[in-house]
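A.B. asks: Got a sequence here, can you build the structure:
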Amino acid sequence: MTLNAPERLNALDADMLKAIAAAVTELDADPAVRIIVLAGEGRAFSAGADLSDYEKVGDLDGLLAELGPTVRAIVNAGTPVLSLVPAVAAGAGLSLALAADYTLVADEAKILLAFGGLGLMPDGGATALVVASIGRARALRFALTGERISGSQAAEWGLVSESVAAEDFSTRADALTAQLAALAPEGVARTTAAVTAAIVDVDRALGREETEQHALMRTDDFAEGVAAFREKRPPTFGA
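C.D. replies: Got it, this is the predicted structure:
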């Protein structure tokens with residue numbers, strides 16, 4: 001599957017998330033499908049939530065309602081899911097990439113959570129997936145500072161599975177696709193389920209995130225964060 005809205009860096013809306021969840025569920029139920037690959041068209045995997053048409057809180061409620069089911073579909077799929085991140089993965093877009101069983105990034109990809117500048121908290125399971133991968137201290141550093149890291153640094157931290165040079169990305173993606181597709185289906189399904197269950201409770205994290213994010217989206221700080229984002233200026237929170 002390819003996120004195909006390159007003019008907005010594949011920023012996510014409710015319809016796109018609903019389509020991803022439906023496709024993952026359908027593909028996972030097909031015994032002929034041995035691997036699911038999630039990629040992005042153009043210069044980004046996904047820049048996160050689409051704020052371009054945001055006018056009121058309700059505009060984003062629908063997106064948040066679809067984000068959880070999409071992440072659950074990816075995490076719970078018995079078929080291995082490979083996400084390919086050659087460039088930008090930010091916010092909820094990063095959450096989708098990390099929900100996969102294997103995340104391949106280019107060395108110079110730009111990786112960030114990008115929620116703090118909007119007065120929000122990480123969502124899409126990121127509060128669990130990021131902590132499970134890199135630990136509490138680094139996860140809080142990543143979330144609170146809005147630090148942008150490279151793909152190679154993300155791999156060094158253990159946030160993603162692997163990073164490769166940009167010129168080798170397509171070749172490595174093809175090789176990984178073939179390698180994962182050749183594995184025994186039942187063995188893969190049981191392995192991914194057992195490893196995930198051993199270290200992270202995605203359902204619990206998503207439930208907490210959805211409740212808290214709904215509250216945050218109704219604050220003055222969120223309104224200020226969106227205004228600052230559009231006006232390309234630093235936000236002034238708590239004013």
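
A.B. asks: can we go C-alpha only for contacts and neighbour counts from here?
C.D. replies: Will do.

A.B. asks: Any stretches of this protein with poor pLDDT?
C.D. replies: 53-59, 239 (pLDDT under 70).

A.B. asks: quick one, strands of it?
C.D. replies: Counting by DSSP state E, the chain has strands at residues 2-3, 36-40, 44-46, 81-85, 88-90, 102-106, 110-112, 149-150, 162-164.

A.B. asks: hey, which of those strands is tucked in deepest?
C.D. replies: Among the strands of the chain, the stretch with the highest mean neighbour count (mean count of other CA atoms under 10 Å) is strand 44-46, at a mean of 31.

A.B. asks: and that one, which strands flank it?
C.D. replies: Each strand paired with strand 44-46, and its direction, by DSSP bridges: strand 88-90 (parallel).

A.B. asks: can you list the residues that contact stretch 168-187?
C.D. replies: 34-35, 37, 78-80, 82, 84, 86, 104-106, 164 (CA atoms under 8 Å, 6 or more residues apart in numbering).

A.B. asks: Mind listing what's buried along the longest helix belonging to the chain?
C.D. replies: Across the chain, the longest stretch assigned as helix under DSSP state H is helix 57-76. The neighbour-count check on helix 57-76 (16 or more other CA atoms under 10 Å) flags 60-61, 63-64, 66-76 as buried.

A.B. asks: Stretch 175-188 too?
C.D. replies: For stretch 175-188, burial by neighbour count (16+ other CA under 10 Å) applies to 177, 180, 181, 185, 188.

A.B. asks: That one: end-to-end distance?
C.D. replies: 17 Å (CA to CA, to the nearest Å).

A.B. asks: doesn't residue 93 make contact with residue 126?
C.D. replies: No - contact criterion CA atoms under 8 Å: residue 126 and residue 93 do not qualify, at 10.2 Å.

A.B. asks: sorry, back to before: how about the contacts of stretch 168-187 in JSON lines, adding distance to residue 6?
C.D. replies: Shown next, in JSON lines, are these (distance: CA to CA, whole Å):
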{"residue": "34", "distance to residue 6": "27"}
{"residue": "35", "distance to residue 6": "24"}
{"residue": "37", "distance to residue 6": "18"}
{"residue": "78", "distance to residue 6": "29"}
{"residue": "79", "distance to residue 6": "27"}
{"residue": "80", "distance to residue 6": "26"}
{"residue": "82", "distance to residue 6": "20"}
{"residue": "84", "distance to residue 6": "15"}
{"residue": "86", "distance to residue 6": "13"}
{"residue": "104", "distance to residue 6": "20"}
{"residue": "105", "distance to residue 6": "18"}
{"residue": "106", "distance to residue 6": "18"}
{"residue": "164", "distance to residue 6": "22"}
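
A.B. asks: Could you tell me the end-to-end distance of stretch 90-110?
C.D. replies: One end of stretch 90-110 to the other measures 8 Å (CA to CA).

A.B. asks: Could you do stretch 104-122 as well?
C.D. replies: 21 Å.

A.B. asks: Next: stretch 50-60.
C.D. replies: One end of stretch 50-60 to the other measures 9 Å (CA to CA).

A.B. asks: Over to stretch 109-117?
C.D. replies: Stretch 109-117 end-to-end distance (CA to CA) = 20 Å.

A.B. asks: How about residue 75: what's its closest non-neighbour residue?
C.D. replies: residue 99 (5.5 Å; CA to CA, 6 or more residues apart in numbering).
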